[in-house]
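*Asks:* Quick one: sequence and predicted model below, then my questions.
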Amino acid sequence: MIKAKKCLIRGTVQGVGFRPWVYRLALQYHLKGFVRNTSHGATIEIEGEDRDLQDFVRLIRSEPPAHCHFTKCHFTNIACQGFDQFLILPSLDENQHDALILPDIASCPDCIKETFDRNDRRYLYPFTNCTHCGPRYSIIKSLPYDRCNTSMDKFKMCKACQKEYDDPLDRRFHAQPNACPLCGPQITLWDDQGNAIASSRESLPATVDIIKRGGIVAIKGLGGFCLMADALNEDAVGLLRMRKARPHKPLALMMPSLEMTDQYCQLEPIEAELLSSSQAPIVLLRKAPLSQTPKIARQAAPDNPYLGCMLPSMPLLHILLRMLNRPVVATSGNLSEEPICIDNAQALKRLKGIADFFLVHDRPIVRHVDDSIVQAVCNKTSILRRARGYAPLPFDIGKDCDGILATGAHQKNTVALGLGSSVIMSQHIGTLDNEVSCQAFEGTISSLKSIYDAPTTKVACDSHPDYASNRYAHAFKKNVLEVQHHHAHVASCMAEHGLSQEVLGVCWDGTGYGPDGTIWGGEFLVTNGRKFSRIAHLKLFALPGGELAVREPKRTALGLLFGLCKGNWQDFKDLPSVKAFNPKELLIIQQMITQKINSPLTSSMGRLFDGIASLTGLCHHISYEGQAAMALEYQVIDKFKLDPYYYEIIPEDYKLKIQSIDWSGIVRGIIDDIRAGENVGLISTRFHLTLVGMIVDIAYQANKPDVVLTGGCFQNKWLVENAVKRLKEEGFKPHWHSQVPTNDGGISLGQMFVAAKRRK
């Protein structure tokens, strides 16, 4: 019996080979009708024998192509139309745009094979791609996802490419970036004045030669420029650090292959899987013991047991790395805290004095998309920077958030747009304390709103009045909701895990605006997402110098010591933090704290980490965020069974039921261990064990089954894994971040969740 059905599909179905897959499926089951892209996703009308139709529907729902993600797949019975064949119809551009955009996808094995096949017409072509790989988010201008709506519209396909593009049985059917050496983008090698010194295929060996000789090349990739240098050349890496004014922060490495990565790192199965995935992120990997392998330059990741490694994500990089056959530094092509450069002329100007040469191409990049950064935590993916490969895939929060814009945090900014119950989170933007970043922030909002033709009815932002994201929200002159920073952190993890019940949120980070006028950061909140109550926090201590104390952990250490001795530094003159100041400076700091001059009070766990890193002599100054805390984390010794330090949980406000966690015993215990000559590894381990015990103690008092771990301090792999283990042992259900950054990169999702919860 002949029947007919109509299917409306929403989600990530454009640019993933969905229509040719449906076409082949329809031919297999002798069905007639059509499939087409729309501004919502895709529409199918299909008719044929009932049994064949049922098999077709089952396979659509259960076995869609890789990278497909349905948010809606709804079949309805319709009258038969009498179709005589199955067709792929032209896209339909409707008024409302809510089809989901696929992230940029790393090169697939078939395209890599072609790139290195001497008999293939795309041999050594840097932009080989197909329906299953290549640029997406970085080239799209508007929906639906058709070539005319991308930055590939300027490249007219040759006959061979057009034939592939038009053939539903070809893997390049409607691959919008489809191109070849005859008709597609081309590369050119420039000197630092913008003069072409090599073009097309000749640019590749010339670039390799520059890198081998110790030069630095700015290379335009999928989502922007990276700076590349020989990772085995200490002088080249040191020169890159000096030119980029980045003295200590680890530099990312690109490896030619998984096998070479395994030579330099202790590679776990999940890490190998992440490296080889279609997202191709930077993965934090523990360094392998010294071997016969040539050493990575020490300055690539000084005093750090981890290397941030990635594999090439596009043919251009595959070709270069295979020619080089060695690891390279491949760090973001930007100035400190700015978004990466995407335009050739812009890169020549902003990276002048850093790069010796520029390998550019003529495919325009519509929006910057940096490399994502991940690590494996509890044998699961944990995203630290969500960008290429992941953004802008949506999160369904199960709440109506349509028309809401969330402007995110100040550092590690991302923004989010609400479409129905889906949240479109942007790629990593950066820190909003410079003009270039603020322009990128506003441009990203404008771009997302334009793509989805989404009117804004409400804006959610951080409650800090001095944040650029807050000022932007209020300038919008819309219905503005300010969301407390740490509430947004907890809500972000709740949204990721689909939690709507009350949870205990353990939110530990560096700094966040507290409604009581202090700087929060060591918080225990009970929340259902809509509202929160603060049930406990670290006892307050002073930050002499305010922002200066963030850059100089030795000042934070004095703030802690002041809580013990009220400025009688003689009691602690033997400690590294006190020795770091002269007597006059110590007197000034005592007066600053006593007279409350530029010495704000904080409950920050991140600053507690900083202060202890200084007390132990590990770090008195930092050049990048988290440096001191990481130095302390990397000293942890797993092999010893140790006792935690002593601390007290003291009632602070009986009426509000708020408790203060007195860290004095922790600091005194650390001082005793320092004076007893104990090594820093033992001290760090005892400190970390103490924090795990603190989480469990407050969890018992809160008496909430679900415990959320969030905030920048939970980038600490040891802390998360051991807190999760203890909480499970004690009968709690711990939740931690996986697909959303636990740092401020996840704040926009939390703001969206709170705004949706408060919507009537």
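*Replies:* It's in.
*Asks:* When you work out contacts or count neighbours from here on, use the C-alpha atoms and nothing else.
*Replies:* Noted.
*Asks:* outside of whichever strand or helix holds F562, which residues touch it?
*Replies:* Secondary structure from DSSP states H and E places F562 in helix 553-565. Contacting residues not belonging to helix 553-565 are listed as 541-545, 549-550, 567-568, 571, 577-578, 580, 590, 593, 607-608, 610-615, 619-622, 628, 664, 667 [CA atoms under 8 Å, 6 or more residues apart in numbering].
*Asks:* Please, a PyMOL command that selects the buried ones among these?
*Replies:* A single PyMOL command is used to select the members of the contacts of helix 553-565 judged buried by 16 or more other CA atoms under 10 Å:
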select buried, resi 541+542+543+544+545+549+550+567+577+578+580+590+593+607+608+610+611+612+613+614+615+619+620+621+622+628+664+667
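*Asks:* Looking at the contacts of helix 553-565, which are in helices?
*Replies:* 549-550, 577-578, 590, 593, 607-608, 610-615, 628, 664, 667 (DSSP state H).
*Asks:* And the pLDDT at N95?
*Replies:* pLDDT for N95: 61.
*Asks:* err, T71, not the other one
*Replies:* Predicted confidence (pLDDT) for T71: 78.
*Asks:* just S291 next, same as before
*Replies:* At S291, the pLDDT recorded in the model is 65.
*Asks:* cool, Y145 as well?
*Replies:* 84.
*Asks:* Next up, the contacts around it.
*Replies:* Here Y145 is in contact with 14-15, 101, 176 (criterion: CA under 8 Å, 6+ apart).
*Asks:* If we use 6 Å, what do you get?
*Replies:* Residues counted as contacts of Y145 (CA atoms under 6 Å, 6 or more residues apart in numbering): none.
*Asks:* where does the stretch 151-300 of the chain dip in pLDDT?
*Replies:* 291-292 (pLDDT under 70).
*Asks:* so what's R386 closest to, chain neighbours aside?
*Replies:* S372 (5.1 Å; CA to CA, 6 or more residues apart in numbering).
*Asks:* Extract the CA atoms of the helix holding F562 and return them as PDB.
*Replies:* This file holds the C-alpha atoms of helix 553-565, laid out as PDB (Å, rounded to 0.1, in the frame of the first residue of the first chain):
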ATOM      1  CA  PRO A 553      51.000  36.600  44.700                       C
ATOM      2  CA  LYS A 554      53.500  37.700  47.300                       C
ATOM      3  CA  ARG A 555      51.100  40.600  48.200                       C
ATOM      4  CA  THR A 556      48.300  38.100  48.600                       C
ATOM      5  CA  ALA A 557      50.500  36.000  50.900                       C
ATOM      6  CA  LEU A 558      51.000  39.100  53.100                       C
ATOM      7  CA  GLY A 559      47.200  39.600  53.100                       C
ATOM      8  CA  LEU A 560      46.900  36.000  54.600                       C
ATOM      9  CA  LEU A 561      49.700  36.600  57.100                       C
ATOM     10  CA  PHE A 562      48.100  39.800  58.200                       C
ATOM     11  CA  GLY A 563      45.100  37.800  59.200                       C
ATOM     12  CA  LEU A 564      47.400  35.900  61.600                       C
ATOM     13  CA  CYS A 565      49.700  38.600  62.900                       C
END
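*Asks:* and the next element down the chain from the one helix or strand K113 maps to?
*Replies:* For K113, the host element (DSSP H and E) is helix 109-115. Using DSSP H and E, the helix or strand that follows helix 109-115 towards the C-terminus is helix 159-166.
*Asks:* elements contacting that next one?
*Replies:* Packing partners of helix 159-166 (3 or more CA pairs under 6 Å, 6 or more residues apart in numbering; DSSP states H and E): none among the helices and strands.
*Asks:* what's it in contact with?
*Replies:* With contacts defined as CA under 6 Å, 6+ apart, helix 159-166 is touched by 170, 172-174.
*Asks:* quick check, nearest of the residues you listed to C183?
*Replies:* R172 (15.1 Å; CA to CA).
*Asks:* shouldn't that closest one be in contact with C130?
*Replies:* Yes - between R172 and C130 there is a contact under CA atoms under 6 Å: 4.8 Å.
*Asks:* Straight-line length of stretch 84-104, end to end?
*Replies:* 37 Å (CA to CA, to the nearest Å).
*Asks:* try stretch 152-171
*Replies:* 18 Å.
*Asks:* for that stretch, which positions count as buried?
*Replies:* Neighbour counts using 16+ other CA under 10 Å place 152, 155, 157, 161-162, 164-165, 168, 170-171 of stretch 152-171 among the buried residues.
*Asks:* List the beta-bridge partners for T188.
*Replies:* Note on T188: beta-bridge partners by DSSP bridges are S199, V360.
*Asks:* before we move on, back to that, the residue nearest to R386 and I589, how far apart?
*Replies:* Taken as CA to CA, the span from S372 to I589 is 41 Å.
*Asks:* Next: L481.
*Replies:* 38 Å.
*Asks:* what do you get for I187?
*Replies:* Counting by CA to CA, the gap from I187 to I589 is 57 Å.
*Asks:* E435: which of the buried residues of stretch 152-171 is nearest?
*Replies:* Nearest to E435 among those, with distances taken as CA to CA, is M152, at 29.2 Å.
*Asks:* Not counting sequence-adjacent ones, nearest residue to that closest one?
*Replies:* M152's closest residue in space is P177 (CA to CA, 6+ apart), at 6.0 Å.
*Asks:* how far away is the one you found from T527?
*Replies:* 46 Å.
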